[in-house]
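A.B. asks: Okay, predicted coordinates and the sequence, questions at the end:
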Amino acid sequence: MVECAHGNGPFANLTKAERIEVQTKLIEIIKKHAVQGLAITVDPLEYATFQKRLPFEPRLYEDAYTFCAQAIMTGVSVFIEKNPLVGSMAYFFEAGHKSAPQANEIMQRMFAQPRLKHQFRYAGHAFVEKQKSPAVQAADLLAWQWYTDRRHKVEGRPRRKDCVSLLQVHHNVVHIDSKELNRIANDTIAVVSGFGAKSS
């Protein structure tokens, strides 16, 4: 999506108008066929402050990427609960992120547990090259739009028209701000403290 927006890579020979046309058509395809889209953002600096408050090592969420991955999985769980006819789910991640090993470990730990494997209708997961997966490309478009929208909000700029169009249907998007991170940290501390009180 970044390449299309800025005219790089395979889009280098297209004019801005042509790139807008490509993106518009892609958004219409997503809106027509997507069942559910989920996107989440978190400020890395706010996340680092939150992480330091967690009362244990190793960190439950090693970095913002793995935190967001777990949050997305929670959203998937809610979707499955509301759609009990879902038979099985395969989970694909864009390959190449530095935190992919941590995300992979989380997935392996989760789905080693039969209860979670059933809850998430787990059929498998993989890290794939975006260029070879239209589904991951669609997710990338949503991720870029939501990230850009958050940045525009911070800068006092209006929402992009293509973002308005994309978010009209089938998408749940959220920014987890410092207030929500503090709530999560407080809940985590309370749970850990409770375990300590019981064991003492």
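C.D. replies: Great, that's in hand. Numbering: from 1, shown residues only.
A.B. asks: I'd like to know which helix or strand in this structure has the lowest mean pLDDT.
C.D. replies: Least confident helix or strand, the chain: helix 2-6 with a mean of 70, by mean pLDDT, DSSP states H and E.
A.B. asks: who does the helix or strand following that one touch, helix- and strand-wise?
C.D. replies: Per DSSP states H and E, the first helix or strand lying C-terminal to helix 2-6 is helix 16-33. Using 3 or more C-beta pairs under 8 Å, 6 or more residues apart in numbering; DSSP states H and E, the elements in contact with helix 16-33 are helix 2-6, helix 134-154, helix 161-166. Placement of C-beta: from N, CA and C, glycine included.
A.B. asks: could you redo the ones you listed as JSON lines and give each row mean neighbour count and distance to residue 74?
C.D. replies: As requested, these are exported to JSON lines (neighbours: other C-beta atoms under 10 Å; distance: least, C-beta to C-beta, whole Å):
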{"stretch": "helix 2-6", "mean neighbour count": "14", "distance to residue 74": "27"}
{"stretch": "helix 134-154", "mean neighbour count": "17", "distance to residue 74": "16"}
{"stretch": "helix 161-166", "mean neighbour count": "17", "distance to residue 74": "22"}
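A.B. asks: Kindly reformat those helices as a markdown table containing distance to residue 64.
C.D. replies: Formatted as a markdown table, those follow (distance: least, C-beta to C-beta, whole Å):
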| stretch | distance to residue 64 |
| --- | --- |
| helix 2-6 | 19 |
| helix 134-154 | 12 |
| helix 161-166 | 21 |
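A.B. asks: Alright, that wraps it up for me.
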